[in-house]
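> From the sequence below, what's the structure:
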Amino acid sequence: METINRRRFLALAGLSAAGAWMGMADALAAQTDATALNPRNLLASPRFASTPFTLGVASGDPSADGMVLWTRLATEPLVFGGGMPTRPMAVEWQLAADDGMRKVVRQGSAMAHPELGHAVHVELDGLAPGRPYWYRFTVGGHASAVGCTRTLPEATAAVDRVRFAVAGCQHYEEGHYTAWRRIAEEPLDFVFHYGDYIYEGESQPGLRKMNGQPFTNLRNHVGPQIYTLDDYRRRYAQYKSDPDLQAAHAAAPWFVTFDDHEVDNNWAGAEDQDDTPSEVFLLRRAQAFQAYYENMPLRRSAFPRDGHMQMYRRARYGTLMDLHLLDTRQYRSKQVNMALREEVESPERSIVGVKQERWLFDGLADAAPRWHTIAHQVALGNYMREKDGVVQSSDDQWSGYLDSRRRLLDHIQKVGFGNVVTACGDAHRHYASDLVQDHRDSGVISSEFLATSITSGADGQGVDAYARNQLAHSPYLKATTDKRGYVLCDVTRDAWIGDMKTLDTVMQPNGAVQSWKRYAVEHGRPGLQET
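Numbering: from 1, shown residues only. The predicted model follows:
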């Protein structure tokens, strides 16, 4: 224990310069633009013995006229520094109207800075709405894979359909990323990743128990628990080296958000679960945020500033759907003991904070879109189970912030469009549930599709004792299973359909995918109907 504490102290002590990069945020963000000025220490003619595109390509945050194109250079992804020279270099990029990259419509260069882990973010605008594009990067005589992206329809376009996947919780040690390969094969407009892209812990080798079953890691994390910027960068590199994950990133644009494990398990605002002093934990959080930005296709508006990331945002898919992406970590109050009902129900506690709540309520009151989809991290459904003679729910989900939950459901009911559906994850199980107030017979207000994990929890047991327990104590919960997979969402003007996909195995490669349960919400009539 003494050694662990000492390492942690030394790692965090080495982060005392965190404020330096935060103060440089505007300058570094500006230099990721395709029109960047060449710095004096530019490596003018980089040469690499092997490809620097080991982490793949990605696109994200699409709008009606653009998106972000991403890559990160690393010839040796699991080595601190990625095997890269500690100098900036120019990376060429191309955007084409065809998958053969013959009809190039945009091209330029962007700077890959060592201060940002040699990540490249190209933020484009002025493109045609509602169409696909293809892109690639080149540097030092090497070319990346070709990725496919697409713009959203114009805000006023009368769109009839949108298809997207909801997925997350991809513990590297607990299974193959077969679900990502299956998602890459789906004809999608975008992917929503709800969080837990990485897990921060060190490996637990050997035989152990998982959900009461014997388990041995399929593959192991490199290095101990992560605290420093280099630690986080290497962990992302290990995850991003997986070819199935790379395929999913290259197949469609993503909207991403973080949950807890991108920083530390169950962190809340400025506090972690270990009672670390806030000023110390915020040093670690700042490193995690920088690494997250470096490794995700995010706009410059999300660049970490003063230890904060602007993650809640909105996307409009024509007149069909508004997508409200939430942040339920940075602004939340600390979790409390669920037996302390007065604290659980306190109006002074929040899971989203005052400013974000107001922003969300304003968006949900807009009658222009046919549907509103709340894309967030943790369950809004109040999923109850009996344990040791007490019926309880989670302190880390909306059920642990009952006044926040009540205010949101009251607002959805007040605006009264009958067109709000929520999509989230975190629980490592599929859930399909109607949403009602916890304290009165409100009737069905909305519905929730909670997507199970990509790998976290390994193969799972299906409808196990835990699932049966929750079904017995949660009357509005329609279905839940412990298997791995994702939710395929198909939204038309008449219905919002969630197809809950499961895999027969993730502990073996090439698992088969099936449609486990499929539910629809009819426009104007809240409530799930099995189809």
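
> next one: the longest helix seen in the chain to chain centre, how far?
Counting by DSSP state H, the longest helix found in the chain is helix 278-295. Put simply, helix 278-295 sits 16 Å off its chain's centre (CA atoms, centre = their mean, to the nearest Å).

> Mind checking what helix or strand follows that helix in sequence?
strand 313-317 (DSSP states H and E).

> And the average pLDDT for the helix or strand harbouring Asp434 is what?
Taking DSSP H and E as the criterion, Asp434 maps to strand 430-435. Averaging pLDDT along strand 430-435 yields 98.

> how far away is Gln246 from Tyr177?
Gln246 sits 9 Å away from Tyr177, taking CB to CB, to the nearest Å as the criterion. C-beta here means a position set from N, CA and C on the backbone, and glycine is covered the same way.

> Sorry, slip of the keys, the one I care about is Asn41.
37 Å.

> neighbour-wise, which of those two wins?
Tyr177 (23 against 9; other CB atoms under 10 Å).

> Look at the nearest residue to that one once chain neighbours are set aside and give its secondary structure.
Spatially, and ignoring its direct neighbours in sequence, Tyr177 is nearest to Asp244 (3.9 Å; CB to CB, 6 or more residues apart in numbering). Here Asp244 is recorded as helix under DSSP: H, G, I helix; E, B strand; the rest coil.

> does Asp244 really touch Trp180, like I thought?
Yes. With contact defined as CB atoms under 8 Å, Asp244 reaches Trp180; the gap is 4.4 Å.

> follow-up on the earlier one: any chance you could list what contacts the strand holding Asp434?
Here strand 430-435 makes contact (CB atoms under 8 Å, 6 or more residues apart in numbering) with 379-381, 383, 409, 422, 444-452, 474, 476-481, 483, 485, 487, 498, 500, 502, 516-517, 519, 526-528.

> buried ones in stretch 230-244?
Neighbour-count burial for stretch 230-244 flags 230-242, 244 (criterion: 16 or more other CB atoms under 10 Å).

> in the chain, which helix or strand is least confident?
helix 2-13 (a mean of 42; mean pLDDT, DSSP states H and E).

> Measure how buried Ser446 is and give me the count.
Counted by other CB under 10 Å, the residues lying close to Ser446 total 24.

> My guess is it contacts Thr422. True?
Yes. The criterion here is CB under 8 Å, and Ser446 meets it with Thr422 at 6.4 Å.

> Which of the contacts of strand 430-435 fall in strands?
Residues of those located in strands (DSSP state E): 422, 446-450, 477-481, 485, 487, 498, 500, 502, 516-517, 519, 526-528.

> Start from the N-terminal end of the stretch 51-200 of the chain and give the helices.
178-185 (DSSP state H, counting those that start in this stretch).

> Show me the shaky parts of it.
Nowhere does the stretch 51-200 of the chain drop to pLDDT under 70.

> you'd agree Thr151 is up against Gly130?
Yes. In this structure Thr151 lies within contact range of Gly130 using CB under 8 Å: 6.1 Å.

> Which one of these two is surrounded by more residues?
Neighbour count, other CB under 10 Å: between Thr151 and Gly130, Thr151 has more, with 21 against 15.

> got a list of what that one touches?
Pro62, Ser63, Ala64, Asp65, Gly66, Met67, Leu127, Ala128, Pro129, Gly130, Arg131, Tyr133.

> Need the phi and psi values for the second one.
The phi and psi values for Ser63, taken as degrees, to the nearest 10, are phi -130, psi -180.

> distance of it from Asn469?
44 Å.

> between those two, which one's more packed in?
The residue with more neighbours, out of Ser63 and Asn469, is Ser63; 19 against 15, by other CB under 10 Å.

> For Phe164, give the beta-bridge partners.
Per DSSP bridges, the residues bridged to Phe164 are Phe190, Cys489.

> Could you check how far it is from Leu360?
20 Å.

> Compare those two (neighbour count), which wins?
Phe164 (27 against 20).

> hang on, isn't the more buried one packed against Trp496?
No. Using CB under 8 Å, Phe164 is not in contact with Trp496, being 11.3 Å away.

> Touching both of these two, which residues are there?
With CB under 8 Å, 6+ apart, Phe164 and Trp496 have common neighbours Cys489.

> show me where the stretch 151-300 of the chain has strands.
With strands called from DSSP state E, counting those that start in this stretch, the stretch 151-300 of the chain shows them at 161-167, 190-193, 208-210, 213-215, 254-256.

> Format the ones you listed as TSV; extra columns: distance to Asp395.
Formatted as TSV, the strands of the stretch 151-300 of the chain follow (distance: least, CB to CB, whole Å):
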stretch	distance to Asp395
strand 161-167	24
strand 190-193	24
strand 208-210	22
strand 213-215	25
strand 254-256	25
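
> For Ala512, find the nearest of those strands.
Relative to Ala512, the nearest member of those by CB to CB is strand 161-167, separated by 17.2 Å.

> Can you dump the C-alpha atoms of the closest one in CSV for me?
C-alpha atoms of strand 161-167 as CSV (Å, rounded to 0.1, in the frame of the first residue of the first chain):
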residue,chain,number,x,y,z
ARG,A,161,-35.7,8.8,-41.4
VAL,A,162,-32.5,8.7,-39.3
ARG,A,163,-30.7,5.5,-38.2
PHE,A,164,-28.0,5.5,-35.5
ALA,A,165,-26.4,3.2,-33.0
VAL,A,166,-26.1,3.7,-29.2
ALA,A,167,-23.1,2.0,-27.7
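
> and it, which residues are buried?
For strand 161-167, by 16+ other CB under 10 Å, it's Val162, Arg163, Phe164, Ala165, Val166, Ala167.

> from what I can see the fourth one touches Leu488, true?
The reference is to Ala165. Yes. Between Ala165 and Leu488 there is a contact at 5.7 Å, judged by CB under 8 Å.

> list residues touching both of these two?
Residues touching both Ala165 and Leu488 by CB under 8 Å, 6+ apart: Glu186.

> which one is Thr452 nearest to, not counting chain neighbours?
His430 (4.4 Å).

> on that earlier part again, what is the nearest of the buried residues of strand 161-167 to Ile374?
Of these, the one sitting nearest to Ile374 (CB to CB) turns out to be Val166, at 11.6 Å.

> what's near enough to touch the closest one?
By CB under 8 Å, 6+ apart, the neighbours of Val166 are Phe192, Tyr194, Ala375, Ala423, Cys424, Gly425, Phe449, Ala451, Tyr486, Val487, Cys489.

> Quick check: of the residues you listed, which lies closest to Arg285?
Tyr194 (19.2 Å).

> and the closest one, how many residues sit next to it?
By other CB under 10 Å, 28 other residues sit near Tyr194.

> Would you confirm that it contacts Thr422?
No. Counting by CB under 8 Å, Tyr194 stays clear of Thr422, with 10.7 Å between them.

> so what sits against both of these two?
With CB under 8 Å, 6+ apart as the test, Tyr194 and Thr422 both reach Ala375, His376.

> per-domain residue ranges of the chain.
2-31+152-530, 39-151 (automatic domain parsing).
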